[in-house]
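Novice: with the input below, show me the fold.
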Amino acid sequence: MKKLIILSLITVSLSSCEQDLKCADFKNGTFLIPGDSIYPISSNIIRKNGRQVEWEKAGDSTHAIIKYLDDCNWILTYDTELSELDELEQLINNSGGVKVEVLEIKGDTLFYNGVLKNDTLLFEQPGTIIKLK
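Specialist: Take a look at the predicted model:
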């Protein structure tokens, strides 16, 4: 009986240590966007106060501005003052940014859908963001 009680206490202790993250927990911190079948290269991200620095390899960073519509929805555009934009980043900015909607959060992972839309284009891309710190 004592073993059963101890085992129950350990199980409750371990399950209460799991992080129950919310959308707001993804506004600031260090994150990873893992590569996928559409874009196989992972990116590291640091977010703070509506700004984001993203890099795939050391010395190759991109700066973005995040306009939060609410905790779970935002629009991402690229900072033209801190980064020289490539063709895709210019298209994103000229289209008003990528609108990101949080679909679900499981543990330390946020699942989202990003939408890029203008007069001639509608592109949707699901993705994940993993909170590291």
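
Novice: and the pLDDT at residue 39?
Specialist: According to the prediction, residue 39 has pLDDT 80.

Novice: using the three-state scheme, assign it.
Specialist: For residue 39, the reduced secondary structure class is coil; criterion used: DSSP: H, G, I helix; E, B strand; the rest coil.

Novice: after the lowest-mean-pLDDT helix or strand in the chain comes which helix or strand?
Specialist: When the helices and strands of the chain are scored by mean pLDDT, DSSP states H and E, helix 2-16 comes last with a mean of 39. Once helix 2-16 ends, the next helix or strand along the chain (criterion: DSSP states H and E) is strand 29-33.

Novice: for the chain, which segments count as strands?
Specialist: For the chain, applying DSSP state E gives strands covering 29-33, 43-48, 51-55, 61-70, 73-78, 98-106, 109-117, 122-131.
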